[in-house]
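Undergrad: coordinates for the following, if possible.
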Amino acid sequence: MTYHHARQVTGWVGWIWFGGMMMILAGLFNIITGLAAIFANRVYVQTPARLLIFDVSTWGWAHLVLGVLILITGIAVTVGQGWARMVGVVLVMLNALTQLTWIAVNPWWSLAVIAVDVLVLYALIVHGREAELE
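TA: Numbering: from 1, shown residues only. Sure thing, here's the model as predicted:
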């Protein structure tokens, strides 16, 4: 006799879709921020006594690459790929850390992104299993 345990899906699955969509949006924002820092670095003002370790264009490349990875992983989270939860957690944590270092350049934006990253982490960690494909 074989028993199959049906996975219970609750209304909390909306948190996963929220997390995936926010990852897509964060990826797009990081791509735009990265491109602006690389090609129009006059937009950002860098001061010597801040947390910014590299020059603005180097951080632009970091944001661009991270943005593409977050965008792809956000799409995978939204469609229920199980691997995307763990990758998403790591990428969102990296995003929060890069925003912390970017806080000297764009403080209010960085704080807002870090707050959204915390919500996405909650969605992925606590409710992520409900949205996985079988």
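
Undergrad: for the helix or strand where residue 112 lies, name the packing helices and strands.
TA: In the assignment (DSSP states H and E), residue 112 maps to helix 107-127. Helix 107-127 sits against helix 13-39, helix 82-102, with contacts defined as 3 or more Cβ pairs under 8 Å, 6 or more residues apart in numbering; DSSP states H and E. Bear in mind the C-beta positions are built from the backbone N, C-alpha and C, glycine included.

Undergrad: just the angle between the shortest one and helix 13-39, please?
TA: Yep, that's helix 82-102 we're talking about. Angle, helix 82-102 to helix 13-39, by axes from the mean of the first three to the mean of the last three Cα atoms, to 10 degrees: 50 degrees.

Undergrad: what residues sit buried inside helix 82-102?
TA: Neighbour-count burial for helix 82-102 flags 84-85, 87-89, 91-92, 95-96, 98-99, 101-102 (criterion: 16 or more other Cβ atoms under 10 Å).

Undergrad: please apply the same query to stretch 103-123.
TA: So for stretch 103-123, counting by 16+ other Cβ under 10 Å, buried means 103, 104, 105, 106, 110, 113, 114, 116, 117, 120, 121, 123.

Undergrad: just give me how far it sits from the chain centre.
TA: Distance, stretch centre to chain centre, for stretch 103-123: 9 Å (Cα atoms, centre = their mean, to the nearest Å).

Undergrad: what does stretch 23-32 give?
TA: The answer for stretch 23-32 is 8 Å, by Cα atoms, centre = their mean.

Undergrad: same check on stretch 20-34?
TA: The answer for stretch 20-34 is 7 Å, by Cα atoms, centre = their mean.

Undergrad: perfect, I'm done here.
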